[in-house]
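Enquirer: Prediction below, plus the sequence it came from.
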Amino acid sequence: MSNINLKNLRKSKGYTQKELANKLGIADSTLAHYETGIRKISLEMFLKILDVCQLDIKIISKKEF
């Protein structure tokens with residue numbers, strides 16, 4: 001997830017940085033660092049963001065291409 005996509009996702013869900021950070025259990029400054037690309041998002045945090053934003057991912061096998 002790119003920093004631009006994270007910011008757009010947050011805004012599309014109607015969250016401020018502070019609101020989403022609270023839901024994720026992180027400081028709003030940490031979320032700001034994710035959004036600006038200063039800090040990289042771990043897989044664990046990526047999955048937590050998907051959960052909080054009620055999104056899921058589909059894993060595609062090579063056979064499906």
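Expert: Arrived safely. Numbers count the residues shown, from 1 in each chain.
Enquirer: Give me the distance between Ile49 and Lys62.
Expert: Spatial separation of Ile49 from Lys62 under the definition Cβ to Cβ, to the nearest Å is 27 Å. For the C-beta atoms, the positions are set from N, CA and C on the backbone; glycine is no exception.
Enquirer: Of the two, which one has the most company?
Expert: Neighbours were counted for Ile49 and for Lys62 using other Cβ atoms under 10 Å; Ile49 has more, 20 against 5.
Enquirer: Check the gap between the more buried one and Asp56 for me.
Expert: Computed with Cβ to Cβ, the distance linking Ile49 and Asp56 is 12 Å.
Enquirer: mind showing which ranges of the chain have poor pLDDT?
Expert: Within the chain, the ranges that satisfy pLDDT under 70 run 1-4, 64-65.
Enquirer: let's see it at 90
Expert: Low-confidence segments of the chain, defined by pLDDT under 90, span residues 1-4, 56-65.
Enquirer: Would you mind measuring from the spatially most central residue of it to Leu24?
Expert: The centroid of the chain falls nearest to Ile49 when counting by Cα atoms, centre = their mean (4.2 Å). Counting by Cβ to Cβ, the gap from Ile49 to Leu24 is 7 Å.
Enquirer: Kindly report the same for Ile60.
Expert: Separation of Ile60 from Leu24 (Cβ to Cβ) stands at 27 Å.
Enquirer: And those two? Which one has more around it.
Expert: Here Ile60 and Leu24 are set side by side on neighbour count (other Cβ under 10 Å), and the busier one is Leu24, at 19 against 8.
Enquirer: need the contact list for that one.
Expert: Listed by Cβ atoms under 8 Å, 6 or more residues apart in numbering, the contact set of Leu24 reads Leu31, Met45, Lys48, Ile49, Val52.
Enquirer: Show the buried residues in these.
Expert: When neighbours are counted using 16 or more other Cβ atoms under 10 Å, the contacts of Leu24 contain these buried positions: Leu31, Met45, Lys48, Ile49, Val52.
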